[in-house]
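Enquirer: Take this sequence and fold it.
(one chain, ligands or ions: 1)
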Amino acid sequence: MIVETSEPKGALTIRTLAMPADTNPAGDIFGGWVMSQMDIAGAIAAVERAQGRVVTVAVEAMTFIAPVKVGDILCVYTSIERVGNTSITVGLEAWARRNRLDDRVKVTEGRFVYVSLGEDGQKRRIEP
Ligand SMILES: CCCCCCCCCCCCCCCC(=O)SCCNC(=O)CCNC(=O)[C@H](O)C(C)(C)COP(=O)(O)OP(=O)(O)OC[C@H]1O[C@@H](n2cnc3c(N)ncnc32)[C@H](O)[C@@H]1OP(=O)(O)O
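Expert: Numbering: from 1, shown residues only. From the prediction side, this is the model:
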């Protein structure tokens, strides 16, 4: 279970602007876009830890807490939760900054699992 905090947990890994092209039919930002930003951030954290290529193997948890709006700056924070033989579990939180950066709202949280691959595309053991 992910514990609620008033401060982001983990390292700020990506920041990006939510654009009109990323909206759903209701006018808020499409959840799939947010999820893909989280996948990218988790992959960056996993690449840094594995020191090599990774692929996403599982989304173990994903919660949409609040909507993201056009013009929000989406900030994704990552923390390495577990390192196995070939897998890395990354905890993720996305926060939206809005109203000229005055407000910061936690919009999603999740836990994604990545597998380390060698240049040959085969699973690769992660150094402890
Ligand atoms: C310096 C920094 C510069 C950075 C600069 C580069 C930045 C870079 C950014 C890239 C940003 C784009 C990031 C997009 C990332 C994609 O879009 S990846 C595309 C989507 N993913 C795929 O296509 C993967 C498809 N799946 C596969 O190829 C195979 O299933 C895999 C992943 C190779 C695993 O093969 P397998 O033989 O099934 O593996 P298996 O031995 O059963 O399990 C391997 C490990 O995974 C774990 N696992 C397997 N299934 C699961 C599951 N369902 N749940 C949890 N764990 C599981 C196992 O427990 C095991 O863990 P370990 O005990 O070894 O630690």
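Enquirer: When you work out contacts or count neighbours from here on, use the C-alpha atoms and nothing else.
Expert: Fine.
Enquirer: now the residue nearest in space to the middle of the chain: how far from G84?
Expert: Residue closest to the average C-alpha location in the chain (Cα atoms, centre = their mean): M38, at 2.4 Å. Per Cα to Cα, to the nearest Å, M38 is found 21 Å from G84.
Enquirer: which one is the residue nearest to the centre of the chain nearest to, not counting chain neighbours?
Expert: Nearest residue to M38 in three dimensions, chain neighbours excluded: V76, at 6.4 Å (Cα to Cα, 6 or more residues apart in numbering).
Enquirer: I'd like the distance between that neighbour and S116.
Expert: 21 Å.
Enquirer: Give the residue from these two that has the larger number of neighbours.
Expert: Taking other Cα atoms under 10 Å, V76 and S116 do not tie; V76 has more neighbours (30 against 25).
Enquirer: beta partners for the more buried one?
Expert: In this entry, V76 is beta-bridged to I14, A94, by DSSP bridges.
Enquirer: give me every residue that touches R111.
Expert: By Cα atoms under 8 Å, 6 or more residues apart in numbering, R111 lies in contact with V59, E60, A61, M62, T89, V90, G91, L92.
Enquirer: which bits of this structure sit near the ligand?
Expert: With Cα under 6 Å from any ligand atom as the criterion, the chain meets the ligand at residues 39-40, 43-44, 47-48, 55-58, 84-87, 113, 115, 123.
Enquirer: Kindly check the end-to-end length of stretch 43-62 for me.
Expert: In stretch 43-62, first residue to last residue: 16 Å (Cα to Cα).
Enquirer: so for it, what's the average pLDDT?
Expert: Mean pLDDT, stretch 43-62: 98.
Enquirer: Name every strand pairing with the longest strand along the chain and say which way it goes.
Expert: Identified as the longest strand of the chain according to DSSP state E is strand 103-116. Strand pairing for strand 103-116, using DSSP bridges, gives strand 54-64 (antiparallel), strand 87-98 (antiparallel).
Enquirer: which of the residues in it are buried?
Expert: 104-116 (16 or more other Cα atoms under 10 Å).
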